[in-house]
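Chemist: structure here, sequence nowhere to be found:
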Ligand code: SF4
């Protein structure tokens, strides 16, 4: 069975006008797929291109190069009208539910919109269907005539999820679905998304800066840095033994993993400037911030290569072929995490 959603060598270049016109590559040749019923987590810092990648996956922007495939069909050249049948199967949830829902529309109107857009007439059945969707996400008996600003952030994200489920999609692309919410609400939304997957078997592409959230929900993780994927593999393996120094730094900073640090893990402090697509370093894009960098890293781009019998991909000159190799081979400290 092929993937449901596939990005094949996708590039997105924007023209930056500030400080003299020049092209900036936000996404620099990313290949990523999401299988049926699978959750793929894409993680990286702000400015790494992950939100642009989400918009590309949703065909909200067109790629400069590369292809986007949905259920095996190349949808890259399709216009918005031709994309309608695909959109029914491919839905989105965004970071800020108040911004993503029209604040002048009542909840009834917000929930009705996807049915109208796709010409689905439910007549008398519309309100019961809306109630059913809202109840499914834990919102029983809410006032459908209220406006979005009259709800809390957590309630609004539930409404946004119910709206995304209205057309019974096969995949949801969720861009930072929890990061605008209070920590206690974040866990509720993550658990709701997991509950929906168990009940409906849908796929997710979840984009987040928070490796801890991604590690909790994903089957597979892709780590993005300055427009490229630098590590990819099964979530359990990446969380247990990250191979790329950048993934190691992200994991060492994950707050709820403090207990692991107490048992010998050390926080790796990232030095240097955060990623800036207008200023891409030579060789390995991560080298100015990498404590393991050496001459080859400054001169030669490390290819994204298969390790661990093809199970994992990593773009680092120093990563071992086999994950069973000891951390000492690439200068790593105890349990595979480099010492600060
Ligand atoms: Fe660090 Fe070099 Fe690996 Fe890049 S290639 S992550 S600079 S060790």
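Modeler: Great, that's in hand. Because the structure is a prediction, the values reported are computed rather than measured.
Chemist: quick check, residue 318 in contact with residue 292.
Modeler: Yes - taking contacts as Cβ atoms under 8 Å, residue 318 lies within contact range of residue 292: 6.0 Å. Where C-beta positions appear, they are placed from N, C-alpha and C, glycine not excepted.
Chemist: quick check on the two: which one has the bigger neighbour count.
Modeler: residue 318 (20 against 17; other Cβ atoms under 10 Å).
Chemist: now the more buried one: which helix or strand?
Modeler: For residue 318, there is no host helix or strand (DSSP states H and E).
Chemist: which bits of the stretch 1-150 of the chain sit near the ligand?
Modeler: For the stretch 1-150 of the chain, the contact set with the ligand under Cβ under 6 Å from any ligand atom is empty.
Chemist: Validate this expectation: residue 14 resides in a strand.
Modeler: Yes - Residue 14: assigned to a strand according to DSSP: H, G, I helix; E, B strand; the rest coil.
Chemist: what's near enough to touch residue 167?
Modeler: Taking Cβ atoms under 8 Å, 6 or more residues apart in numbering, we find residue 167 in contact with 88, 89, 91, 114, 115, 118, 120.
Chemist: take the residues you listed and lay them out in a markdown table including pLDDT.
Modeler: Shown next, in a markdown table, are the contacts of residue 167 (pLDDT from 0 to 100):
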| residue | pLDDT |
| --- | --- |
| 88 | 94 |
| 89 | 97 |
| 91 | 96 |
| 114 | 95 |
| 115 | 96 |
| 118 | 93 |
| 120 | 94 |
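Chemist: quick one: which of the residues you listed sit in helices?
Modeler: 88, 89, 114, 115 (DSSP state H).
Chemist: how much space between the third one and the ligand?
Modeler: Counting by Cβ to the nearest ligand atom, to the nearest Å, the separation of residue 114 from the ligand is 43 Å.
Chemist: list the contacts of the closest residue to that residue other than its chain neighbours.
Modeler: Counting by Cβ to Cβ, 6 or more residues apart in numbering, residue 166 is the residue found nearest to residue 114 once chain neighbours are left out, at 4.5 Å. Residues counted as contacts of residue 166 (Cβ under 8 Å, 6+ apart) are 111, 114, 115, 129, 133.
Chemist: count the neighbours of the second one for me.
Modeler: The reference is to residue 114. Counted with other Cβ under 10 Å, the neighbours of residue 114 add up to 18.
Chemist: pretty sure it contacts residue 160?
Modeler: No - between residue 114 and residue 160 there is no contact under Cβ under 8 Å: 11.4 Å.
Chemist: now the contacts of residue 167: which count as buried?
Modeler: Neighbour-count burial (16 or more other Cβ atoms under 10 Å) applied to those gives 88, 89, 91, 114, 115.
Chemist: what are the ranges of the strands in this structure?
Modeler: For the chain, the strands defined by DSSP state E occupy 5-16, 22-34, 39-43, 65-70, 73-74, 90-93, 171-175, 203-208, 220-225, 228-234, 305-307, 312-314.
Chemist: next, format the ones you listed as JSON lines and append distance to residue 246.
Modeler: Output for the strands of the chain, formatted as JSON lines (distance: least, Cβ to Cβ, whole Å):
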{"stretch": "strand 5-16", "distance to residue 246": "20"}
{"stretch": "strand 22-34", "distance to residue 246": "15"}
{"stretch": "strand 39-43", "distance to residue 246": "10"}
{"stretch": "strand 65-70", "distance to residue 246": "23"}
{"stretch": "strand 73-74", "distance to residue 246": "32"}
{"stretch": "strand 90-93", "distance to residue 246": "26"}
{"stretch": "strand 171-175", "distance to residue 246": "21"}
{"stretch": "strand 203-208", "distance to residue 246": "15"}
{"stretch": "strand 220-225", "distance to residue 246": "5"}
{"stretch": "strand 228-234", "distance to residue 246": "6"}
{"stretch": "strand 305-307", "distance to residue 246": "16"}
{"stretch": "strand 312-314", "distance to residue 246": "10"}
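Chemist: thanks again, I'm all set now.
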